[in-house]
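1. sequence below, structure please.
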Amino acid sequence: MKTFVFDFDGVIGDTFEAYATFLSKFMKISPQKARLYMREHSLNNGKQSIIKMFVKNFYMQRFEKYLLNQEDLLFEDVLKNIHQLPGSKYIISRNHSRICTDLLADNVHEFTQIYGYDTCRTKVKALQDIVFKDGVSKDDIVFVSDTLGDYKEVVSYLEPHQIWLDTWGFNSRETIEDFNSNIQLLLEPSDILKLGELK
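-> Okay, here's the model as predicted:
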């Protein structure tokens, strides 16, 4: 049986505009520059993460408070489809795990474990943790994200056929296909259901 591992922001969490608004306000840059920064950042996980930047500038607590005061920050259709998938489900995020847990609310019980930057510094390390601690077969993992940065990082550990990128998140379909037209895409939330049919 497959084990499904999801990124949070841009896959489950509809957080792009919340990030942009926060960056614009507290970093004193225009909303356009904030959005551009985020999109550029999402192309390469090797760059300094937004989360690390917040911590460095003592904004993390403010950001958490701001984010948790926002409404409708979940893709409800995505969660409904994830619920129908068989097998174990995990989240690996660059957020603090507490943010994901609080935003998910009652949906948190859908997931075996939530990894944040507070528990694993990279997504590959989190995947390795799932394999070694929970006895999950590496070959049975299906990883879902929305950014090329995640793809570039995770493809060093998983095979390309194990990785799927959605097109409703931080990176558009055009951006993904311009980089590599062979990347497997989820074009709409209902496509998540086809992951349950993978052999």
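2. when you work out contacts or count neighbours from here on, use the C-alpha atoms and nothing else.
-> Noted.
3. quick one: contacts for residue 3?
-> Residue 3 sits next to 87-90, 136, 140-142 when contact means C-alpha atoms under 8 Å, 6 or more residues apart in numbering.
4. for residue 21, see how far away residue 152 is.
-> In this structure, residue 152 and residue 21 are 27 Å apart, going by C-alpha to C-alpha, to the nearest Å.
5. and residue 5, helix, strand or coil?
-> strand (DSSP: H, G, I helix; E, B strand; the rest coil).
6. what stretches of this protein score poorly on pLDDT?
-> For the chain, the stretches with pLDDT under 70 are 46-60.
7. hey, where'd the helices end up in it?
-> Counting by DSSP state H, the chain has helices at residues 16-26, 31-41, 50-56, 60-68, 76-83, 97-104, 123-134, 148-154, 173-179.
8. what would the ones you listed look like in TSV with mean neighbour count?
-> Compiled in TSV, these are given as follows (neighbours: other C-alpha atoms under 10 Å):
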stretch	mean neighbour count
helix 16-26	17
helix 31-41	16
helix 50-56	14
helix 60-68	14
helix 76-83	16
helix 97-104	18
helix 123-134	17
helix 148-154	20
helix 173-179	14
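9. what's the closest of those helices to residue 112?
-> The closest of the helices of the chain to residue 112 is helix 123-134. By C-alpha to C-alpha, the value is 9.9 Å.
10. related to what we said a few turns ago, for residue 4, which of the helices of the chain is the nearest?
-> Go through these one by one with C-alpha to C-alpha and the one that ends up closest to residue 4 is helix 76-83, at 9.0 Å.
11. quick check: angle from that closest one to helix 97-104?
-> 100 degrees (axes from the mean of the first three to the mean of the last three C-alpha atoms, to 10 degrees).
12. contact partners of helix 76-83?
-> Residues lying outside helix 76-83 but in contact with it, judged by C-alpha under 8 Å, 6+ apart, are 11-12, 107, 110, 189-190, 192-193.
13. adding neighbour count and distance to residue 97, write those residues out as CSV.
-> Conversion of the contacts of helix 76-83 to CSV gives the following (neighbours: other C-alpha atoms under 10 Å; distance: C-alpha to C-alpha, whole Å):
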residue, neighbour count, distance to residue 97
11, 24, 15
12, 25, 14
107, 13, 14
110, 14, 15
189, 20, 23
190, 13, 26
192, 23, 23
193, 18, 25
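14. only alpha carbons, please: show stretch 151-159 as CSV.
-> As requested, the backbone C-alpha atoms of stretch 151-159 are provided in CSV (Å, rounded to 0.1, in the frame of the first residue of the first chain):
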residue,chain,number,x,y,z
TYR,A,151,11.0,18.6,-6.7
LYS,A,152,14.7,19.4,-7.1
GLU,A,153,15.4,18.5,-3.5
VAL,A,154,13.3,15.3,-3.2
VAL,A,155,14.3,13.8,-6.6
SER,A,156,17.7,13.3,-5.0
TYR,A,157,16.0,10.7,-2.8
LEU,A,158,12.9,9.5,-4.6
GLU,A,159,12.4,8.4,-8.2
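15. so how far is it from its chain's centroid?
-> Averaging C-alpha coordinates over stretch 151-159 and over its chain gives two centres that are 14 Å apart (C-alpha atoms, centre = their mean, to the nearest Å).
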